[in-house]
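> let me see the structure of the following:
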Amino acid sequence: MISDFYNSIFPPIGLRALAVFKDGLKKAPTHSFYDNNEDLIEAAGAYNSTGKNVYHGCAVYKTSDNRKGENVLACKSLWLDLDVGPTKPYATQREAVTDYEAFRVSLGLPKSHIVSSGNGIHQYHAFTKPISPDNWDRVAALYAACMDHYGVKHDTSRTQDKASILRIPGTSNYKADPAKAVTLKRLGEEVPAGEFYKKLKDYADANGVLVGSTAPKGKPLKENKMMNRDFPPSHGDKIGSVCAVIAEVDISGGDVPYEIWWRALGIAKHTTEPDVVAAHWTRNRSASGRDKSDWKGLMDAWATGPTTCNDFNKHSDKCASCPMFGKLSTPLHLGVDEQPPIVVDDTEDADESTDEEAVEASLVMQGPWEFKAPWVVRARHTATKTGWNNGEMYMGVRQKGNTGYKQVPFCNRYWQVMRRIRDTDGIWKLEIGYELYPGTPYKKFLMESSTLAARDTFCKEFAAREIHFYGDAGAAFKGMELARWDQKINTRYRAETTVYPTMGWASENNSLRGALTGEFILGDTVFRAKAPTQQVILGDTVDVSLRSDFKTAGTTKEWVELIDFIYNRPGAEAYQFVISAMFGAPLVRLMPGEGEWHGIPVVLGGDSGAAKTSTALAALSIYAPPQLLRFSAQGDKNGQGDTINALSLKIGSLRNVPFLMDELTGADADKISNIAYMVSNGKSKDRMGPNGRMIPNPYRWDVLSIATSNDSLHDVLDGVRSANTKEASQIRLFQIDLKRSDLGRVFHNVSRNMIEHTLLEKQYGKVGHEWLQFIVNNRIAIQDMLGVEREKYMVNPTDTSEIRFYKDLIITTKVAATLAKRKGFISWDVAPMIKWAESRLMTLRDSVATKDWEGRISDFIGSLHGRIIVTHHMKMGPGKRATSEIPMEALSTSVGPEARKAITDRRFVVTVAALKNWCRNNRLLPKNLLEEMIARGYMVGVAGTTVTPKLINIGSGTTVIKSQAPCYELDYDKVTEFDADSAPVDMSNVVQLQPVTEVVTVAPQEPESSSGAV
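Model prediction:
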């Protein structure tokens, strides 16, 4: 959290100052400087552990020479100090925070970072990009003036001092006895400096706030906090025309009481012509009989800042009636010419900036460095003696006699290293930006950093883009030198870009289902807790059709208003559930449990023309242009649809981002079965390669998705007789039947144009960005909410699989809807929607329970998927195979194997326990199921109307360790009647890596369970 704080308030480059008070707080501190936050935090902790008070400089510095204002490189935040205590402006920290929050909310400023110094309160407002010291001075001056006007009792010596130091969170305040902890109370928000300035300017213009002062330098005297400030040019005659006290001094020529005249000299000293003004304000003093008219001696001895309004008020009755009293700190403000509009470094065209350091600071860590940015060109020229002119790059060649440099062209294109990229495999690459034709947008390509070690390879990489180095090898070596310099600067400033292999939740080491890092990727944007979004790169494993930018359009407010108008109405609970479920898509990965919940498709079925697709697209508009997440599982108007492999690639690329599989109407039942299995199991089916080895599956996902079809997919899947897929597919989809009649009855005042054009074409993505940031910020709390709801619904392994998955869907959707409503994204009542979903759950459960016996037998066999040891052979009894077979299909890690299937030997065995457990979960008597299986010819070894189980080790002859257990043998042909994968395999063209037919006789008394032990 403290690292996030420093990443927010500090620019990514520049030296961080650490101030250490080694002898109390009375003597000046010693300073050390660090080029990164981690070293600063570590050093502060080390000093603080020895009882030293430690502070950080609030800006970053150019050099380690000093901590003065003129050495400041850039600033990325504003700050203020609110003093708290019995003799301080605020009695308690709560009072200080409450007072400032009232000011912040009134002006519409973003949330600030809040630090408790142990005694007082420090507030920080962080910007999205650093700004130059001059621009900071002007923002800070306006900020202080607005707070003065509003009545915030801030320490002005901190608010406008860019060289300020403040206490470091995570350390101790030894000024107190006992010491008090310095703690970070809240992480705030970042905002562009220009936007922050505009809010201040709007308030100042509306309330007549005058601004004049800028940054103080050094610690102020207790009796005058204006000491040692630098002020914009202020003119004595202008002050005299506004301030009544100074006007009397000016008009009378000094014929005023000494207390007034002497304090007027404190104003004169800080004007543009101090001697002229002081002489003019003293011209009649001696002639009027006033003593002490030596203005020069008194002004030379004046060692503080300009006289304050409060000080004048103690000696003059004119201040009380002044309209500016309480709004200004000193009359000196009144002599300042009107300030021009502020220019902060948030413009798109950085070439117009005149502040080299601020431009440099604004570009680092904000994605790629800006192409041909002035600071890049100048810095390269200084360090490497290179430059560019009319598109060509030139280098400085030293003249004979050391008389200077001659500019010699060495490359036909301007290019530069834009950023360093660490690929998913850990290889460093450089992104090269280059200008193909002068004045045209730059292009870019990636080049491995190792290319810098070989001149020929380096030249080939560039020549492939028509970038050529002139003349001999010297020009190429100069290019390599320049690239290394760019790389070094990127490295020094820690400017690097991460490559992510997929979107969705990032996991440690990019593992398929490893521990989460807390990052969520949508398109090329990464969301991190309490931090601004950053640009990233998607790896080559992401489907090319999804690499386009996940753009946003419209506003959150407009999207919310449209969704509320269309769907927040009685009778629309089914539609509300679909939208709420898509809010829940990123939450699937956060569900506590044994890891079997990977999400299921929400199928919109029923009548044609019931707004199925438009509802699905409206739900997907949460995250992106909805058409981007629309996949054609069946085929478009040209008959072109995504294959199973293509769908797997796209879903694996999105990982935790929802999508639509549109128009499954009329699709082949096996394809629907494969899709439903794939989506609800979080991976595609395992496949065997031609060499008999398993093909690695590179993708995993946990997500809720939508599918549309005019057919009832439950009915379609009843025709699928594949024992390995039917149960997994049929009960792991949540079908909602929509009726066309509902459109006229429920949505009578909603037009198609409103949905398709106003919503889907003009409003998308904004809500998703806010929603994902909220989820990332509150990930742990949301996990806890899901866990609590799961306990309420009593989801447990004894539930039938369909009930378990339906419950998890409702839980995920309920939590998502509750949070989305809390955030203001939806406004409908969650309770009726969930009640509708629970009713739908019961309907789907009953539809499964009322199947005929053939369907129940098929469901039982299908329930064994993931628990079947599949091999070529199955040898029982004395003797064992010399080589233990590795199962050909992956086994479930949560439940042990319960069956054995031998493809070549054509045998299928299942444990008695598996049959009994399935019957118990499906409310059937095992005796009745056995009778039906015998009657239909499924059982082997039938004697009359009964069958006796045999003791069999289903792991025998394999690498799976099992012990003997009562088993039934089933008729192989009946079980695999429609399973094409179970047909005998032609091995004539396959080279056998190991013999599979050699049998070695062993002693009969050897325990069978020991065979196959690894």
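> tally of neighbours for residue 81?
21 (other C-beta atoms under 10 Å). Every C-beta, even on glycine, is put in place using the N, C-alpha and C of the backbone.
> contact partners for it?
117, 120, 121, 122, 154, 155, 158, 159, 166 (C-beta atoms under 8 Å, 6 or more residues apart in numbering).
> which pLDDT value belongs to the residue nearest to residue 659 when sequence neighbours are not counted?
Excluding its sequence neighbours, the residue lying closest to residue 659 (C-beta to C-beta, 6 or more residues apart in numbering) is residue 629, at 4.5 Å. pLDDT for residue 629: 92.
> circling back to that earlier point, among the contacts of residue 81, which lie within strands?
121, 122, 166 (DSSP state E).
> who does the first one bridge with?
In other words, residue 121. Bridge pairing for residue 121 (DSSP bridges) gives the partners residue 82, residue 116.
> might you report the residue contacts of it?
Going by C-beta under 8 Å, 6+ apart, residue 121 touches 81, 82, 84, 90, 93, 96, 97, 100, 114, 115.
> and it, how close does it get to residue 154?
Note on residue 121: its distance to residue 154, by C-beta to C-beta, to the nearest Å, is 10 Å.
> between these two, what contacts are shared?
Listed as contacting both residue 121 and residue 154 by C-beta under 8 Å, 6+ apart are 81, 82.
> thinking again about what came up before, of all the contacts of residue 81, which comes closest to residue 380?
Taking C-beta to C-beta as the measure, residue 380 lies nearest residue 166 of the contacts of residue 81, at 36.0 Å.
> partners of the helix or strand that contains residue 395, with directions?
Using DSSP states H and E, residue 395 maps to strand 392-398. Applying DSSP bridges, strand 392-398 is found paired with strand 386-389 (antiparallel), strand 405-411 (antiparallel).
> need these in CSV with mean neighbour count, distance to residue 749 and mean pLDDT, can you?
Supplementary listing: those in CSV, determined by neighbours: other C-beta atoms under 10 Å; distance: least, C-beta to C-beta, whole Å; pLDDT from 0 to 100:
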stretch, mean neighbour count, distance to residue 749, mean pLDDT
strand 386-389, 17, 62, 83
strand 405-411, 16, 65, 86
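> buried ones in the strand holding residue 395, by neighbour count?
Residues of strand 392-398 classed as buried: 393, 394, 395, 396 (neighbour count, 16 or more other C-beta atoms under 10 Å).
> for residue 781, see how far away residue 680 is.
Taking C-beta to C-beta, one finds residue 680 at 27 Å from residue 781.
> between those two, who's got more neighbours?
Just comparing residue 680 and residue 781: by other C-beta under 10 Å the higher neighbour count belongs to residue 680, 22 against 11.
> before we move on, the earlier item: residue 273: which of the buried residues of strand 392-398 is nearest?
residue 396 (46.7 Å).
> what about the strands in the stretch 651-800 of the chain?
660-662, 687-688, 694-695, 705-708, 734-738 (DSSP state E, counting those that start in this stretch).
> just those: most buried one?
strand 705-708 (a mean of 27; mean count of other C-beta atoms under 10 Å).
> picking up where we left off before, state the pair within the buried residues of strand 392-398 that is farthest apart.
393 and 396 (11.5 Å).
> and for these two, which residues touch both?
386, 387.
> in the stretch 501-650 of the chain, which spans are helices?
Secondary structure of the stretch 501-650 of the chain (DSSP state H, counting those that start in this stretch): helices located at 556-567, 573-583, 612-620, 644-654.
> which strands and helices sit next to the first one?
Under the contact definition 3 or more C-beta pairs under 8 Å, 6 or more residues apart in numbering; DSSP states H and E, helix 556-567 sits against helix 573-583, helix 612-620, helix 766-777.
> closest to residue 967 out of the ones you listed?
Of all the helices and strands packed on helix 556-567, helix 573-583 sits nearest to residue 967, with 41.5 Å by C-beta to C-beta.
> which helix is the longest one in the chain?
Criterion DSSP state H: the longest helix present in the chain is helix 801-822.
> run through the neighbouring helices and strands of it.
Helices and strands touching helix 801-822, by 3+ C-beta pairs under 8 Å, 6+ apart, are helix 573-583, helix 779-793, helix 830-849.
> gap between it and the chain center?
Counting by C-alpha atoms, centre = their mean, to the nearest Å, helix 801-822 is centred 24 Å from the centre of its parent chain.
> for stretch 268-283, same thing?
58 Å.
> stretch 750-758 now?
Using C-alpha atoms, centre = their mean, the mean C-alpha position of stretch 750-758 is found 32 Å from that of the whole chain.
> ends of it, what's the gap?
End-to-end distance for stretch 750-758, by C-alpha to C-alpha, to the nearest Å: 11 Å.
> pLDDT below threshold where in the stretch 401-550 of the chain?
Scanning the stretch 401-550 of the chain for pLDDT under 70 picks out the ranges 402-403, 492-496, 510-513, 548.
> can you give me the helices in the stretch 51-200 of the chain?
With helices called from DSSP H, counting those that start in this stretch, the stretch 51-200 of the chain shows them at 93-107, 133-150, 156-159, 193-207.
> packing partners for the shortest one?
Translated: helix 156-159. Helices and strands touching helix 156-159, by 3+ C-beta pairs under 8 Å, 6+ apart, are strand 72-82, helix 133-150.
> what's the nearest residue to residue 55 if we skip its chain neighbours?
Going by C-beta to C-beta, 6+ apart, residue 55 has residue 165 as its nearest residue, at 3.8 Å.
> residues near that neighbour, how many?
The number of residues near residue 165, taken as other C-beta under 10 Å, comes to 21.
> list the contacts for it?
17, 19, 29, 55, 56, 57, 58, 67.
> which non-adjacent residue is nearest the third one?
Once its chain neighbours are removed from consideration, residue 29 has its nearest residue in residue 19; the separation is 4.0 Å (C-beta to C-beta, 6+ apart).
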